[in-house]
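Trainee: quick one, what's the 3D model for this:
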Amino acid sequence: MHFLFLAGIFLAGSNDTFKNALLIALASSLYGALLELMQLLVFEGRSFEWLDILANDTGIILALFTRKKWLNHPIF
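Mentor: Model prediction:
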């Protein structure tokens, strides 16, 4: 599922704005945090990890900057 959110960052139209990129990034971050919370509360044998959330958010930030560099689309 994270791939779909990150693909949204890459595939957004050339007329996207900072607001669109920020909304996609926030939705991705919230989704990752929700999955971590579900691991704590729902799934047996799984645990909540702050470092997983940090890794997810790092990937989101890298995707934004990679998109800017490779596709030559401004994100800000």
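Trainee: ok, then the element right after the one helix or strand in the chain whose mean pLDDT sits lowest?
Mentor: When the helices and strands of the chain are compared on mean pLDDT, DSSP states H and E, helix 2-11 comes out lowest with a mean of 62. Along the chain past helix 2-11, the next helix or strand (assigned with DSSP states H and E) turns out to be helix 18-41.
Trainee: same for that next one, what does it pack against?
Mentor: The criterion is 3 or more C-beta pairs under 8 Å, 6 or more residues apart in numbering; DSSP states H and E, and the helices and strands that helix 18-41 contacts are helix 2-11, helix 50-71. (C-beta placed from N, C-alpha, C; glycine too.)
Trainee: point out where this structure drops to low pLDDT.
Mentor: Residue ranges of the chain with pLDDT under 70: 1-18, 68-76.
Trainee: burial count for Val42?
Mentor: Using other C-beta atoms under 10 Å as the criterion, Val42 is surrounded by 9 other residues.
Trainee: give the contact list for it.
Mentor: When contacts are counted by C-beta atoms under 8 Å, 6 or more residues apart in numbering, Val42 is found next to no other residue.
Trainee: ramachandran angles for it?
Mentor: Backbone dihedrals for Val42, given as degrees, to the nearest 10, come out at phi -110, psi -50.
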